[in-house]
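Enquirer: structure of the sequence below:
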Amino acid sequence: MKFSFSTKSKIKTKKTILFVCVQNAGRSQMAEGFFRKYAPEGFEPMSAGTKPTSQINPLAIQVMNEIGIDISKQRSKDLMEDMMRNSDKIINRGCMDKNFCPTLFIPKVIDWGIEDPKDKPIEKVREIRDEIERRIKELAAGISVAEEDNRR
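Expert: Have a look, this model is predicted:
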């Protein structure tokens, strides 16, 4: 009896969606949390900033916890060239600080122009959270449709 084994294996690599903002402390962190929840199979989120801070906005953590998403373990990260190069889609959260705006450094970026939750009352942070969730759901649905079309 003769057995034959194929040495070829399919390596599945996940596609990365990169969410960027200046401090990587609020909007992009919430987007990363939502995308983990709503991402189509084969996709993963990453977030980074051009001027990251030492901690995630506590109100962002609180409003995400209110809806069952824990972003407390996420960390603010520096936007690196390899992150941009290896991402399949890059989404900017909007810029308040024009000197460090990610759109200055990133080609072909999608800019959602969402208000920064920094120093805002919790009611406003909840509104921002809800807007990010709406856009993430739209993004995930669009990716799912595109992936389905690619399989045909």
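
Enquirer: tell me who's in contact with residue 120.
Expert: Residues counted as contacts of residue 120 (Cβ atoms under 8 Å, 6 or more residues apart in numbering) are 59, 128. C-beta coordinates here come from the backbone N, C-alpha and C atoms, glycine included.

Enquirer: how does it look with 6 Å?
Expert: If you count contacts by Cβ atoms under 6 Å, 6 or more residues apart in numbering, residue 120 has none.

Enquirer: from residue 128, how far off is it?
Expert: Going from residue 120 to residue 128 by Cβ to Cβ, to the nearest Å gives 7 Å.

Enquirer: how about residue 92?
Expert: 15 Å.

Enquirer: which helices and strands does the lowest-mean-pLDDT helix or strand in the chain pack with?
Expert: Lowest by mean pLDDT, DSSP states H and E among the helices and strands of the chain is strand 110-111, with a mean of 79. Applying 3 or more Cβ pairs under 6 Å, 6 or more residues apart in numbering; DSSP states H and E, we find strand 110-111 packed against no helix or strand.

Enquirer: kindly recompute the last result at 10 Å.
Expert: strand 89-92 (3 or more Cβ pairs under 10 Å, 6 or more residues apart in numbering; DSSP states H and E).

Enquirer: could you give me the average pLDDT of the strand it packs on?
Expert: Strand 89-92 shows a mean pLDDT of 84.
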